[in-house]
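>>> Next comes the sequence, and after it the predicted model I'd like to discuss.
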Amino acid sequence: MRSTLLSIFSVALLLASCGGGSQQVTLEINLEHNGVPFEVGETLYKGDTAIKFELIHFYLSQIALGDQVVEPVVFINAQDSTSMHYVLPLTKKVDQFSFGMGVDSINNIQDPTSFGSDHPLSSSNAMYWSWATMYRFFKIDGRVNATGALGTNDQLLAWHTGKNALYRTKEVNVSIKPGAHLVLTFDLAEFYSGVSLDTETMTHSMVDDYAIAVKLSDNLPAAFSLRVQ
């Protein structure tokens with residue numbers, strides 16, 4: 001299923017550019033850091049601190065155009081371009097785009113072994129916490145080094161958020177017509193704004209590090225922005 005998403009997306013975008021695609025829109029998910037596009041594995045900087053994000057996985061849920069949910073849940077693997085492109089049905093102009101960041105409470109109680117390997121909630125995505133019997137919402141791993149050079153004495157970074165109380169939603173009031181191309185951008189610098197890269201690099205949403213997970217989750221609405229083309 002995922003192997004065909006990118007080709008479907010490309011065809012849909014071509015049709016839209018030729019005046020077709022009147023029953024759908026395309027959705028592209030991008031990554032930025034301080035407004036600059038980047039790819040997983042690149043070395044980034046916050047001041048003198050070097051950062052390398054080596055894994056970025058997350059869920060978006062209840063994606064809606066107007067008052068209609070058009071995609072219940074999607075799994076984003078930032079190293080798999082097919083998981084960052086979608087075709088969504090739309091038959092008439094709407095004035096709102098909304099979505100949840102993480103897994104909504106209904107889907108969060110599902111059994112991952114009950115889904116096929118190509119389903120977003122499948123155990124094959126390694127996003128399920130068996131100890132908590134619920135899903136990780138965001139799983140971001142990497143390394144940081146305050147010296148500005150990665151490689152020696154790096155500090156591990158693992159921001160794993162989950163639990164229903166950390167689910168966040170966002171609504172964007174914007175005109176969207178059939179055939180439009182939507183670009184949803186996730187800015188990692190906004191995501192960890194106010195989070196110390198010295199003392200707050202680890203959270204698994206457990207009691208002793210829960211405050212870090214709250215900070216990260218509260219930053220999510222500002223970290224996502226939508227552009228309509």
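Great, that's in hand. Please read these numbers as outputs of a predicted model, since none were measured by experiment. Numbers count the residues shown, from 1 in each chain.

>>> ok, then the element right after the longest strand seen in the chain?
Secondary structure of the chain per DSSP state E: the longest strand is strand 49-65. Using DSSP states H and E, the helix or strand that follows strand 49-65 in sequence is strand 68-77.

>>> Adjacent strands (with direction) for that following strand?
If you go by DSSP bridges, strand 68-77 pairs up with strand 49-65 (antiparallel).

>>> And the strand it pairs with, what's buried?
50-53, 56-65 (16 or more other Cβ atoms under 10 Å). Backbone N, C-alpha and C define where each C-beta goes, glycine included.

>>> is it possible to export the residues you listed to CSV including distance to Gln79?
Output for the buried residues of strand 49-65, formatted as CSV (distance: Cβ to Cβ, whole Å):
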residue, distance to Gln79
Ala50, 20
Ile51, 17
Lys52, 13
Phe53, 10
Ile56, 8
His57, 9
Phe58, 12
Tyr59, 16
Leu60, 17
Ser61, 21
Gln62, 25
Ile63, 21
Ala64, 27
Leu65, 27
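
>>> I figured Phe224 hits Leu184, correct?
Yes: the criterion here is Cβ atoms under 8 Å, and Phe224 meets it with Leu184 at 6.3 Å.

>>> now the strands: where do they sit in the chain?
24-33, 36-37, 43-46, 49-65, 68-77, 85-89, 94-101, 128-129, 134-145, 155-162, 168-176, 181-187, 202-203, 224-228.

>>> For Gln110, which of these is the nearest?
For Gln110, the closest of the strands of the chain is strand 134-145, at 8.2 Å, according to Cβ to Cβ.

>>> Please report how far the residue most central in space within the chain lies from Ile176.
The structure's the chain has its C-alpha centroid closest to Phe58; by Cα atoms, centre = their mean the separation is 4.5 Å. Phe58 is 23 Å from Ile176, where distance means Cβ to Cβ, to the nearest Å.

>>> now the residue nearest to the centre of the chain, which residues is it bridged with?
In this entry, Phe58 is beta-bridged to Ile76, Phe138, by DSSP bridges.

>>> just to revisit the earlier point, can you list residues touching both of Phe224 and Leu184?
The contact sets of Phe224 and Leu184 overlap at Phe99 (Cβ atoms under 8 Å, 6 or more residues apart in numbering).

>>> By mean pLDDT, flag the weakest helix or strand of the chain.
The weakest-scoring helix or strand in the chain, judged by mean pLDDT, DSSP states H and E, is helix 2-17 (a mean of 49).

>>> related to what we said a few turns ago, got the CA coordinates for the longest strand of the chain in CSV?
Taking Å, rounded to 0.1, in the frame of the first residue of the first chain, the C-alpha atoms of strand 49-65 are listed here in CSV:
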residue,chain,number,x,y,z
THR,A,49,25.3,22.9,20.2
ALA,A,50,25.3,20.4,17.3
ILE,A,51,22.2,18.3,16.8
LYS,A,52,21.6,15.2,14.7
PHE,A,53,18.1,13.8,14.4
GLU,A,54,18.5,10.2,13.4
LEU,A,55,14.9,9.0,13.6
ILE,A,56,11.7,11.0,13.3
HIS,A,57,8.4,9.0,13.5
PHE,A,58,5.0,10.4,14.5
TYR,A,59,1.3,10.0,14.1
LEU,A,60,-1.3,12.5,12.8
SER,A,61,-4.9,11.6,13.5
GLN,A,62,-8.4,12.8,12.6
ILE,A,63,-7.3,14.8,9.6
ALA,A,64,-10.3,16.8,8.5
LEU,A,65,-11.3,19.1,5.7
